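Peer 1: Fold the stuff below for me.
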Amino acid sequence: MFKKKQEKLDSRKMMEIYKELGTPGEAHKLLAKLEGSWSARTRNWIEPGKPAIESMGSSERKMILGGRYLQEEYTGDIMGNPFRGISLTGYDNHRKKYFMIWVDSMSTRFFVFEGNIASDGKTITLSGLADDPVRGKVNWRSVIRVINDNTQAFEMSGTDKHGIEEKMEITYNRKTEEEILITRIFDAPAEVLFKEWTDPEHLKRWWGPRGFTLPVYTADLKPGGVTHYCMRSPEGKDYCGIGTFREITSPERIVYNDAFADEKGNPVSAAYYGLNTGWPMETKVSVTFEEQEGGKTKLTLRHTAPGAPASELKLCREGWSESLDKLAEELARSCVELGIC
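Peer 2: Here you go, the predicted structure:
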């Protein structure tokens, strides 16, 4: 009788221990801050001495099983091939260690990492050993850095038995507003506005934020045609871009894709100009011109930048607003010069 009672007490105490260790704590609250929808810019260094391969992706994260684990579903591409990955990240209250399990669409194996958090409370360093079918056993190290509520960095590197290192970096930015929408009423017919947007000599007079000039602008005005431009800041620094026209309907609509480029027209990331790495590699711009009464025209500009940080969208909106201010001033000046107003 006494033995059975002792077993019941032991079982009850044991369950209390399990319950305590199974209760999410402060470590899990940190993981919960990583929930949400994120854009991801990935850079892979696969071969020594070769430049990084860049790609864009997106990540959806949510806490599951009562706030015990962070589940991530990543979608993107690697070297032009579609790629999907799923991870579970958690904190083991018993072993007092963080861990991550990763699987993806390019293999049938899984990776397991574990480690600790730094004294700053924002940097988690994990490590794991994987048996690679080509490179043999590889020691992997990954670092998760919580920069702020809207930005995170992930670094992963592995060294094989020959001492050859492979490295990857991902910058995550929380998805916010993705589209800039601006409408303006101009005191000019749609045909005149359309010409201001498509004639290089006219465009150079107003394009760019206040104080910027446009020393370089070329455009092949047809669907599939390419445009290349360089804006020069008041300090003399050039910012170049390229675009591909998707639609040109005179005098109603212009649609094109836009991206940063170097001075020769080669695509580059925003980081090339020291700007936020969260800005997407390609954006979309559409401009429509609607006739209004009295010879006026309503211009509607939409600039879609998926996953761009809010701070960069704000700067982009300000740049467009200043450009359109300059356009209005140019139209007023032309009106006076031509003696039609």
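Peer 1: From Arg68, how far off is Ser87?
Peer 2: To Arg68, Ser87 is 14 Å away according to CB to CB, to the nearest Å. (Each C-beta comes from the backbone N, C-alpha and C, glycine too.)
Peer 1: the more surrounded of the two?
Peer 2: Ser87 (20 against 16; other CB atoms under 10 Å).
Peer 1: Now do stretch 43-57: distance to the chain's middle.
Peer 2: Chain-centre distance of stretch 43-57: 16 Å, with CA atoms, centre = their mean, to the nearest Å.
Peer 1: in it, what's buried?
Peer 2: By neighbour count on 16 or more other CB atoms under 10 Å, the buried set for stretch 43-57 is Arg43, Asn44, Trp45, Glu54, Ser55, Met56, Gly57.
Peer 1: Over to stretch 252-263?
Peer 2: Under 16+ other CB under 10 Å, the buried positions of stretch 252-263 are Ile254, Val255, Tyr256, Asp258, Ala259, Phe260, Ala261.
Peer 1: Is the first one in contact with Glu196, as I believe?
Peer 2: No. At 11.0 Å, Ile254 does not count as touching Glu196 under the criterion of CB atoms under 8 Å.
Peer 1: Does anything pack onto the longest helix anywhere in the chain? Which helices or strands?
Peer 2: Ranked by residue count and defined by DSSP state H, the top helix of the chain is helix 310-338. In this structure, helix 310-338 makes packing contacts with strand 179-186, helix 190-198, strand 297-304, judged by 3 or more CB pairs under 8 Å, 6 or more residues apart in numbering; DSSP states H and E.
Peer 1: need these in TSV with mean neighbour count and distance to Phe83, can you?
Peer 2: Conversion of the helices and strands packed on helix 310-338 to TSV gives the following (neighbours: other CB atoms under 10 Å; distance: least, CB to CB, whole Å):
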stretch	mean neighbour count	distance to Phe83
strand 179-186	15	26
helix 190-198	18	38
strand 297-304	18	23
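Peer 1: So which of the ones you listed is nearest Val226?
Peer 2: helix 190-198 (14.3 Å; CB to CB).
Peer 1: Between strand 179-186 and the longest helix of the chain, find me the angle.
Peer 2: Put simply, helix 310-338 runs at 20 degrees to strand 179-186, going by axes from the mean of the first three to the mean of the last three CA atoms, to 10 degrees.
Peer 1: in helix 310-338, what counts as buried?
Peer 2: Under 16+ other CB under 10 Å, the buried positions of helix 310-338 are 312-313, 316-317, 319-324, 326-328, 330-331, 334.
Peer 1: and which of those residues is nearest Pro133?
Peer 2: Using CB to CB, Glu312 is the member of the buried residues of helix 310-338 that sits closest to Pro133, with 40.9 Å.
Peer 1: just curious, which of the buried residues of stretch 252-263 is nearest to Lys62?
Peer 2: Nearest to Lys62 among the buried residues of stretch 252-263: Ala259, at 31.5 Å, using CB to CB.
Peer 1: What are the neighbouring residues in contact with that closest one?
Peer 2: Gly241, Ile242, Gly243, Pro267, Met281, Glu282, Thr283 (CB atoms under 8 Å, 6 or more residues apart in numbering).
Peer 1: Give me the neighbour count for the residue nearest to it when sequence neighbours are not counted.
Peer 2: Leaving aside its sequence neighbours, Ala259 sits nearest to Glu282 (CB to CB, 6 or more residues apart in numbering; 4.7 Å). Using other CB under 10 Å, Glu282 has 15 neighbouring residues.
Peer 1: Could you verify my assumption that Glu282 touches Asn257?
Peer 2: Yes. In this structure, Glu282 is within contact of Asn257 by CB under 8 Å, at 5.5 Å.
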